[in-house]
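J.: Have a look at this prediction, sequence included:
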Amino acid sequence: MYVWNHLAQAISCASDGRHEATFLTDARSDRVITYGDFWANAERMAAALVALGVQPGDRVAVQAPKEPAMLELYVGTVLAGGVFLPLNTAYTPDEVGFFLGDATPRVFVCDPINQESLKKVARDADVAQVLTLGRDEVGTLVSARDGQKPGFRAVPRDALDLAAILYTSGTTGRSKGAMLTHRALASNSETLRDYWRFTEQDVLIHALPIFHTHGLFVATNVTLMAGGAAIFMPGFDTAAVIEAMPKATTLMGVPTFYTRLLKDDRLAEASRNMRLFISGSAPLLADTHDQWRAVTGHAILERYGMTETNMNTSNPYEGERRAGTVGLPLPGVEVKLCDPETGAELPNGEIGVLEVRGDNVFAGYWQMPEKTAEELREDGWFITGDLAMIDADGYVTIVGRGKDLIITGGFNVYPKEVESVIDDLAGVVESAVIGVPHDDFGEAVVAVVVLEPEATLDEAGILAGISRRLAKFKQPKRVIVVDALPRNTMGKVQKNIMRADYAELFRR
Ligand code: AMP
């Protein structure tokens, strides 16, 4: 790579002269992929994409199972000057059709298993090239890659050129394509590598999906930039992660990883040599934090970010990691709280909408100038839509999504406050508090609760347990006990699904 390609330059900085060092161990086969092998394949992938007609700025979309070739495709796209666009593997062909029509990629790479239906939607969306990462057939992207030589000269790209588009998970509305620049990705990964002290000595357990910012950018770019290694797993499996721990130093996970790992008796022993556990993408219960510390001696480091911004805040590496908070603004990231109605800045201590500004922030929503103008201010502040509080020491606590705010009889109820009180009751595992339509109150507070298997609590018991701790208007009008809360693949509780499920609760 001899010319300036902002992101490629940044993520390759630790690879020079380390051809023999391990980058990935493919957990499916224990195959080791060295830095030398990885870059050679990424360069050949870039050459194959250019041969398929990819020009600077062209989108390369992919919906395929997690495997090392996907990372080669990601880096190959960046080297070729393209814009990487990974799609959630859970999307149906119809949904994929929407994204392809919206993003108009030059190339679409799909899972060989679904290729018939996906080829059809891709044709309908006028995508010129549809390939798979399969190995056994001719005409796959892997065979195209193998027909190319390494030594591809990276296509020049500047800091503000696009490197990726990631569609938001859409838990509160239609998915939007967040346009991420070379600078946003490079600067954030560099900050995180230094903040979390990642080095060549680190071995990360990589069990996150790579269609999302967490597994793709945080986990992968930080490892590449540190020159460390990753044990690359096709997905999360409790036993596999426990068994990998003695060979690893760090884990990045969503809260469900941690609650599941806590159920394995081998955790204390397995985690002995681990250096760091990181959690994000959804709130980590303070209880999980405490139990984890009791079993392993480690305080999980919780951080907060989103598709549009990469990572914004993190608990410190050294210093207090406060359970229930998402820590302090990262270097280079400014945060402030604003009034949801007027947009005026609020003093610390009050609950407001969190806004962030920094090189990490995206360039806008793909083909949605109005949405961009609504959420990204001209002076660079991005309105995250998360409600938060900042304490006197600067620690940020996320109180919930702005759209989850419940207004009942004219009073504001912050779901997190009610959830925390319910979660404190003995026998409660977790809860989700939502607002549902109510003729009299506008919205009524409803709690959906998961209990311990042996708990004897019921609706009346839960209501009695919280009655002295919450003002009457905050107390749920109904409590519904369920086996599990609906979650998406990133562990986020899907309140939109519950709101739809219980929309008629007071109307029957
Ligand atoms: P996504 O764009 O899919 O990564 O979702 C971003 C959203 O996830 C944020 O706007 C927050 O609502 C939520 N989120 C991410 N990390 C955390 C965290 N540590 N605690 C609470 N919410 C989080």
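T.: Received it, and whenever you're ready, just let me know what you need.

J.: got the phi/psi numbers for the residue nearest to the spatial centre of the chain?
T.: Residue closest to the mean C-alpha point of the chain, counted by CA atoms, centre = their mean, is His214 at 3.9 Å. When read as degrees, to the nearest 10, the backbone of His214 gives phi -60, psi -50.

J.: Just the pLDDT for it.
T.: For His214, the pLDDT comes out at 95.

J.: Ok, Val3 next?
T.: At Val3, pLDDT is 57.

J.: which residues sit in contact with Tyr414?
T.: Ile351, Leu387, Val399, Gly400, Leu405, Ile406 (CB atoms under 8 Å, 6 or more residues apart in numbering). Where C-beta positions appear, they are placed from N, C-alpha and C, glycine not excepted.

J.: Give me the buried subset of those.
T.: Neighbour counting over the contacts of Tyr414 (16 or more other CB atoms under 10 Å) leaves Ile351, Leu387, Val399, Gly400, Leu405, Ile406 as the buried ones.

J.: so the first one sits right up against Ile390, yeah?
T.: What that stands for is Ile351. No - at 9.7 Å, Ile351 does not count as touching Ile390 under the criterion of CB atoms under 8 Å.

J.: so which of the contacts of Tyr414 comes closest to the ligand?
T.: Lowest distance from the ligand to the contacts of Tyr414 (CB to the nearest ligand atom) belongs to Gly400, with 7.8 Å.

J.: ok, what's across the strand from that closest one?
T.: Leu387 (DSSP bridges).

J.: Can you verify my assumption that it contacts Val418?
T.: No - counting by CB under 8 Å, Val418 is not a contact partner of Gly400; they are 10.0 Å apart.

J.: Which residue ranges of the stretch 301-450 of the chain form strands?
T.: Ranges of strands within the stretch 301-450 of the chain are 301-306, 310-314, 328-329, 334-338, 352-357, 382-390, 396-401, 406-408, 411-413, 428-438, 442-451, based on DSSP state E, counting those that start in this stretch.

J.: Out of those, which is the most enclosed?
T.: The highest mean neighbour count among the strands of the stretch 301-450 of the chain, using mean count of other CB atoms under 10 Å, belongs to strand 310-314: a mean of 26.

J.: So for Ala186, what's the nearest residue that isn't a sequence neighbour?
T.: Spatial nearest neighbour of Ala186, excluding adjacent residues (CB to CB, 6 or more residues apart in numbering): Ala10 at 3.7 Å.

J.: Would you mind naming the helix or strand containing that neighbour?
T.: Following DSSP states H and E, one finds Ala10 within helix 6-11.

J.: Run the chain-centre distance for that helix.
T.: Counting by CA atoms, centre = their mean, to the nearest Å, helix 6-11 is centred 21 Å from the centre of its parent chain.

J.: Also stretch 437-451?
T.: Computed by CA atoms, centre = their mean, the chain-centroid distance of stretch 437-451 equals 29 Å.

J.: Identify the contacts common to Ile351 and Ile390.
T.: Contacts common to Ile351 and Ile390, judged by CB under 8 Å, 6+ apart, are Leu337.

J.: Now stretch 79-88: buried residues?
T.: Quick answer for stretch 79-88 (16+ other CB under 10 Å): Leu79, Ala80, Gly81, Gly82, Val83, Phe84, Leu85, Pro86, Leu87, Asn88.

J.: ugh, wrong one, I meant stretch 136-155
T.: Thr140, Leu141, Val142, Ser143, Ala144, Arg145, Gln148, Phe152, Ala154, Val155.

J.: again, but for stretch 109-123
T.: Within stretch 109-123, the residues that count as buried by 16+ other CB under 10 Å are Val109, Cys110, Pro112, Asn114, Gln115, Leu118, Lys119, Val121, Ala122.

J.: of all those, which comes closest to Tyr195?
T.: Lowest distance from Tyr195 to those (CB to CB) belongs to Val109, with 33.0 Å.

J.: and Val450, what are its bridge partners?
T.: Applying DSSP bridges, one finds that Val450 bridges with Glu430, Val482.

J.: My guess is it contacts Asp483. True?
T.: Yes - at 6.9 Å, Val450 counts as touching Asp483 under the criterion of CB under 8 Å.

J.: any weak-confidence spans in the stretch 401-508 of the chain?
T.: For the stretch 401-508 of the chain, the stretches with pLDDT under 70 are 508.

J.: tell me which parts of it are close to the ligand?
T.: Applying CB under 6 Å from any ligand atom, we find that the stretch 401-508 of the chain lies next to the ligand at Arg401, Met490.

J.: Show me the helices in the stretch 401-508 of the chain, by range?
T.: For the stretch 401-508 of the chain, the helices defined by DSSP state H, counting those that start in this stretch occupy 415-423, 459-466, 495-501.

J.: Next to the ligand, which bits of this protein? Give me the list.
T.: 168-169, 213, 280-283, 302, 304-307, 326, 384, 386, 398, 401, 490.

J.: pull the helix or strand with minimum mean pLDDT from the protein.
T.: Least confident element among the helices and strands of the chain, by mean pLDDT, DSSP states H and E: strand 411-413 (a mean of 81).

J.: which residues touch it?
T.: Outside of strand 411-413, the residues within contact range by CB under 8 Å, 6+ apart are Leu405, Ile406, Ile407, Val433, Gly435, Val445, Phe473, Lys474.

J.: Quick check: the fifth one vs the ligand, distance?
T.: If I follow you right, that is Gly435. Distance of Gly435 to the ligand, computed by CB to the nearest ligand atom, to the nearest Å: 17 Å.
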